[in-house]
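Asks: Structure for this input, please:
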Amino acid sequence: MTFTLAANAEMLFLDRPFVDRVSRIHELGFEVEIWDWTAKDLDALVATGASFSSMTGYVSGELIDPEGAETFLESAARSLEAAERLDCPRLNVHGTGLDSAGLPVRPTWHTEGDDWLAAVDTLRKLAELGERAGRVFTIENLNTRVDHPGTPFARSEDTARLVQAVNSPALRMNFDIYHAQIDEGNLIERTIRYLPLIGEIQVADVPGRKEPGTGEINYPAIARGLAEAGYTGTIALEAWASGESTAALTRFRESFALP
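Replies: Numbering: from 1, shown residues only. Below you'll find the model as predicted:
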């Protein structure tokens, strides 16, 4: 049993032009993930021959406010057009729009019942877009203690509840183990519990958000747990390299190599 491994080109080989980063990750045998597609030359990315695993699924907007939800869905529709060009199967979203520093454009510190109902309604419409396009939107858990304070629906428990409420194969969890470790912990049990809802898993170590093996998370143990639970999907490195990027990718691959 093996996993499909992907790496985020936004965080590796930072001394290279973006298209060269994508080419290098592809050459090393990984699928590629990207963030904001609007700032990319999509034709140049296609020409690299890389397989794109995931990309940002919206440009702006949020789940709660009606005007923000409309903007969110409009930008998701445009993102689906870009995903078609890249043949990218998954598009990632969050509880609200994030700025260039990863902070919520409109911080929301507490969510009430009406907020949850509005978020589910927006995500149902998002899933309908995904179903029609034959692609999957994933909603990612984020940590609020270090990187993304004020982001609504940030914990994995929140994203799981939203995915369950929508109940569509076109909306899954993007379960980020780095974020879960900072805010929640209990990683192996939590990951396996959510497997029926997960469309992808992202990883980085804690502290520092660097590749596995640089911090406190026992990724080989997580890999064994995932294999025993029957997971064969995508695991993506969304981490900064502690040193040279090729070496970081080697450590990532070794952390998920099964005997």
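
Asks: What degree of burial does the residue nearest to Gly199 when sequence neighbours are not counted show, as a neighbour count?
Replies: Leaving aside its sequence neighbours, Gly199 sits nearest to Arg172 (CB to CB, 6 or more residues apart in numbering; 2.9 Å). Every residue, glycine included, has its C-beta placed from N, CA and C. As a burial measure, Arg172 scores 24 neighbours (other CB atoms under 10 Å).

Asks: a strand runs through Arg172, doesn't it?
Replies: Yes. Assessed by DSSP: H, G, I helix; E, B strand; the rest coil, Arg172 belongs to a strand.

Asks: How far off centre is stretch 88-98?
Replies: 7 Å (CA atoms, centre = their mean, to the nearest Å).

Asks: Oh, that last question was meant for stretch 162-176, not what I typed.
Replies: 12 Å.

Asks: Now do the buried residues in that stretch.
Replies: Using 16 or more other CB atoms under 10 Å as the test for burial, stretch 162-176 gives Leu162, Val163, Ala165, Val166, Ser168, Ala170, Leu171, Arg172, Met173, Asn174, Phe175, Asp176.

Asks: List the contacts of stretch 92-102.
Replies: 54-58, 60-64, 68, 72, 76, 104-106, 108, 119, 126, 137-140, 142, 147-148, 151-154, 158, 174 (CB atoms under 8 Å, 6 or more residues apart in numbering).

Asks: hmm, try it at 6 Å
Replies: Stretch 92-102 has contacts (CB atoms under 6 Å, 6 or more residues apart in numbering) with 54, 56-58, 60-63, 104-105, 137-140, 147-148, 151-154, 174.

Asks: Over to stretch 248-259?
Replies: Phe3, Leu28, Glu211, Pro212, Gly213, Tyr219, Pro220, Ala223, Ala227, Ile235, Leu237, Ala241.

Asks: out of the residues you listed, who has the most neighbours?
Replies: Glu211 (30 neighbours).

Asks: residues in contact with that residue?
Replies: Neighbours of Glu211 in contact, by CB under 6 Å, 6+ apart: Ala239, Ala248, Arg251, Phe252.

Asks: so which of the residues you listed comes closest to Glu112?
Replies: Ala239 (34.5 Å; CB to CB).

Asks: phi, psi of the closest residue to that closest one other than its chain neighbours?
Replies: Spatially, and ignoring its direct neighbours in sequence, Ala239 is nearest to Ala204 (3.4 Å; CB to CB, 6+ apart). Torsion angles at Ala204 (phi, psi; degrees, to the nearest 10) stand at phi -170, psi 160.

Asks: try Glu131
Replies: Taking degrees, to the nearest 10 as the convention, Glu131 sits at phi -60, psi -40.

Asks: residues contacting the closest residue to it other than its chain neighbours?
Replies: Closest residue to Glu131 apart from its sequence neighbours, by CB to CB, 6+ apart: Ala170 at 4.4 Å. For Ala170, the contacting residues are Ala127, Gly130, Glu131, Val136, by CB under 6 Å, 6+ apart.
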